[in-house]
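J.: coordinates only, sequence not included:
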């Protein structure tokens, strides 16, 4: 399995990116002195998997567009289920989040109501 990682310097601080040939897998804040949450999850699912340092072009391009105020559409990545456990609740939340216009915010309560999870 071909998985790559890189560090992305964002306006919010350094982010760790992990990407498969199918697309982005992880965008998370870098942690000092230890593995990231995604490292732990992925190593449990795929023992021996060691992402290689690489450009993570798709993820970096999406973040570049997002931080420049020109976000690209990012539909739910169906391929994620090959890498992490994806629950129906997670899919419902993802779909609700995608309905929030760029530049606006929502609340956890609004997401819970929209998804019927609360």
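T.: Great, that's in hand. Given the structure is predicted, the values throughout are model-derived calculations rather than measurements.
J.: which positions in whichever strand or helix holds residue 28 come out as buried?
T.: Secondary structure from DSSP states H and E places residue 28 in strand 23-29. For strand 23-29, burial by neighbour count (16 or more other CB atoms under 10 Å) applies to 24-27. Every C-beta, even on glycine, is put in place using the N, C-alpha and C of the backbone.
J.: buried residues in the strand or helix carrying residue 110, which are they?
T.: Here residue 110, judged by DSSP H and E, is contained in helix 108-115. Residues of helix 108-115 classed as buried: 111, 114-115 (neighbour count, 16+ other CB under 10 Å).
J.: is it possible to get TSV of the buried residues of strand 23-29 that adds distance to residue 72 and pLDDT?
T.: Listed next are the buried residues of strand 23-29 as TSV, based on distance: CB to CB, whole Å; pLDDT from 0 to 100:
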residue	distance to residue 72	pLDDT
24	11	92
25	17	89
26	18	87
27	14	92
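J.: check those residues and tell me the two furthest apart.
T.: By the measure CB to CB, 25 and 27 form the most distant pair in the buried residues of strand 23-29, at 8.6 Å.
J.: report the set of residues contacting both of these two.
T.: Counting by CB atoms under 8 Å, 6 or more residues apart in numbering, residue 25 and residue 27 have no contacts in common.
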